[in-house]
Structure formats: structure tokens, C-alpha cells
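> Using only what follows, build the 3D model:
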Amino acid sequence: MFLKIAFGLMTLLSAQTCEKQTKTTSENEENPVEKQLKTDSAQFGNSKKNAENAANFSEEFAVQDSAFIYLNEGENRFFEEFEMNITFKKMLEDSRCPKDVKCIWQGNAKAEIELTGIYTRPFTMELSTINDAKKGFSNSKQFNGYLISLVEVSPKTTSAKNFEALKGHYKIKLQIEKIGAK
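Next up, the predicted model:
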């Protein structure tokens, strides 16, 4: 008899918890900032739209907090202030003009970054040193209410040490900015 009563109370309690979660979810959907972030998250697969979104970022959002972080290639760190884990997986390309060579084009370096929020699955993004939507390069993308930007990649290649020789020795500087509605 006692077990039946306990089971009934637990069922009632879980039903009330589900009802509260449903109300909270519907209230959150009314928030225009969260709607925009969900839209932007859904568009992560389209690099041209990502570049356009990054270019139009200042018109839609205000940056509240900003910080710079440095990661070595292969390094994985948890940042409590951003509630996210950031991994600099690898450099995908480095076609930047070598230090000791004169070039016509500045070139591009592209890094693969993996982000995991406390309540999210891992998300992999590619960030470039240049922002050119026509060529499919984006140096900034949004994740969990933050704008993540690739600011700097070092070392630069030289005529003696190319991309292949520097693999595993790269270091990046990221800027992380909190996004808030204007």
C-alpha cells in the first residue's frame, strides 16, 4: 500500500515538473534575442550566411563583455566565465604570405575550433584570418550567446618553414564577446 502511494506522489510530482518546463520553454520562445541566436545557430552550416551575419553583427547586437584567449594547437580548456569548453583542434590551411616573401594577396589561415557549452553538444566551426563572404571565409561566428572571432595566428610561415613544417606548432588568439540585444 505504501509503495502505491509513493509511486502516485512521484507521478504527480513529475507531471508538475514537466508542466513547469513547458511553460518556461514557451516563455523563452518569446524572447527576440534567443530567436535570433537560434536562427543564427541553424545557419552555421552555410558559410556565406555566416560571413554576412558577422558583417551585420554590429547593426543587430551590442557587445557587453569581451575577452581574449590564447590556445596552442591541440589544446583544450574550459572557461568558467563563458561556461564553455574550447578546443583548438588544428590548422586547416595557412596560405598567408610568408614573412620573407613579397606577395600579391595577403592569404588566409583557417583554424578548426570545437566549442561545447555546459548544456550543449560539441560544435565544430572554422574561423579564418580574413572575412570575405564571396570566398567563403568568416573570422567570426556565434555560439551560445557569444561572438567568437579569430584575431591572430602565429607563427607566420617563411620560405624555409611552410604550413606542413609548422603543423602542431600554431597558436591562436580568440576574442570572445557576450552578445546582448540593443
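
> Show the end-to-end separation of stretch 132-141, please.
13 Å (Cα to Cα, to the nearest Å).

> Quote the end-to-end distance of stretch 77-88.
9 Å.

> Now do the buried residues in stretch 84-95.
By 16 or more other Cβ atoms under 10 Å, the buried positions in stretch 84-95 come out as 84-89, 91, 94. No exception for glycine: its C-beta is placed from N, CA and C like everyone else's.

> correction: stretch 170-182
Buried residues in stretch 170-182 (16+ other Cβ under 10 Å): 170, 172, 174-179.

> quick one: which of those residues is nearest to M125?
L174 (11.0 Å; Cβ to Cβ).

> Direction included, what does the host helix or strand of that closest one pair up with?
In the assignment (DSSP states H and E), L174 maps to strand 171-181. The strands that strand 171-181 pairs with in its sheet are strand 61-72 (antiparallel), strand 146-154 (antiparallel) (by DSSP bridges).

> next helix or strand past the longest one?
This points to strand 61-72. Per DSSP H and E, the first helix or strand lying C-terminal to strand 61-72 is strand 76-79.

> Now do the helix or strand following that following strand against strand 171-181, angle only.
Next along the chain after strand 76-79, taking DSSP H and E as the criterion, comes strand 84-94. Interaxial angle, strand 84-94 versus strand 171-181 (axes from the mean of the first three to the mean of the last three Cα atoms, to 10 degrees): 130 degrees.

> Which residues does the helix or strand following strand 84-94 contact?
Per DSSP H and E, strand 84-94 leads on to strand 109-117 as the next helix or strand towards the C-terminus. Applying Cβ atoms under 8 Å, 6 or more residues apart in numbering, the contact partners of strand 109-117 are 83-96, 122-129, 137, 143-144, 148, 150, 153, 170, 172, 174.

> Could you dump the buried residues of stretch 170-182 into CSV with distance to K161 and pLDDT added?
Listed next are those as CSV, based on distance: Cβ to Cβ, whole Å; pLDDT from 0 to 100:
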residue, distance to K161, pLDDT
Y170, 12, 96
I172, 17, 96
L174, 24, 96
Q175, 27, 95
I176, 30, 94
E177, 33, 93
K178, 37, 91
I179, 38, 87
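
> now those as TSV including distance to G74?
Converted to TSV, these look like this (distance: Cβ to Cβ, whole Å):
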residue	distance to G74
Y170	9
I172	11
L174	15
Q175	21
I176	20
E177	25
K178	27
I179	28
